[in-house]
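# sequence plus the predicted model coming up.
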Amino acid sequence: MKLLEDRIKQDGQVLGADVLKVDSFLNHQIDPDLMSALGEEFHARFKDTPITKILTVESSGIAPALAAGMAFHKPVVFARKHKSLTLKDHLYTAEVYSFTKKSANTIAIATKFLGPDDHVLIIDDFLANGQAVEGLIDIIAQAQAHLEGVGVVIEKSFQKGRALLDQRHIRVEALARIAAFEDGQVIFKED
């Protein structure tokens with residue numbers, strides 16, 4: 001998606017060998033016009049799929065998931081990472097390790113929001129090592145729901161997440177695919 005690649009080139013910041021900082025438009029400050037375009041693009045790519053729910057992990061996945069939910073006119077459910085007084089019983093849970101934050105979290109979704117009749121599209125901001133997506137796939141399996149695909153805003157193709165999903169024959173649509181970071185610059189993967 002050229003619009004997204006251009007924005008990454010303009011405002012993204014490469015930190016070290018494997019981190020891309022996109023906090024000015026995606027995961028701290030959010031550009032609503034860009035989110036709307038991302039949601040429409042996810043809809044265009046998955047429109048022939050019977051989606052009943054959009055699923056993500058708090059917090060950085062919420063904005064693109066909501067944009068996709070608006071394009072599909074379907075509910076968005078996000079897995080919570082933090083315990084809540086209102087979210088403690090009747091839960092699907094999974095352990096997820098964040099390489100960026102260097103910590104593990106238990107993510108949780110109330111059982112009333114996901115069930116066997118659901119056809120789920122996972123949306124997230126990044127696909128790197130695949131831990132967040134794997135946790136959501138585990139929750140989908142617990143709910144006996146149907147995974148229809150995974151949409152990610154930015155895929156770091158040089159990390160293992162995409163390969164793990166490809167091995168499981170899971171459909172993945174990435175709006176920007178990064179092949180490498182070289183000399184502080186983003187090198188996009190050619191399709």
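Structure's in. What do you need? Numbering: from 1, shown residues only.

# quick one: I139 and F42, what's the gap?
Distance, I139 to F42, by CB to CB, to the nearest Å: 20 Å. Backbone N, C-alpha and C define where each C-beta goes, glycine included.

# same thing with N129?
Distance from N129 to F42, by CB to CB: 22 Å.

# could you list every helix and strand in contact with the one helix or strand I154 maps to?
Using DSSP states H and E, I154 maps to strand 146-156. In terms of contacts (3 or more CB pairs under 8 Å, 6 or more residues apart in numbering; DSSP states H and E), strand 146-156 is packed against helix 2-11, helix 32-46, helix 62-72, strand 119-127, helix 131-142, helix 161-167, strand 172-182.

# now render these as a markdown table, adding mean pLDDT and mean neighbour count.
Formatted as a markdown table, these follow (pLDDT from 0 to 100; neighbours: other CB atoms under 10 Å):
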| stretch | mean pLDDT | mean neighbour count |
| --- | --- | --- |
| helix 2-11 | 97 | 15 |
| helix 32-46 | 98 | 18 |
| helix 62-72 | 98 | 23 |
| strand 119-127 | 97 | 25 |
| helix 131-142 | 97 | 21 |
| helix 161-167 | 97 | 17 |
| strand 172-182 | 97 | 19 |
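
# contacting residues around the residue nearest the centre of the chain?
The residue lying closest to the centre of the chain (CA atoms, centre = their mean) is D124, at 1.1 Å. Contacts for D124 (CB atoms under 8 Å, 6 or more residues apart in numbering) come out as T56, V57, S60, G61, P64, A65, A132, V133, V150, G151, V152, V153.

# lovely, talk soon.
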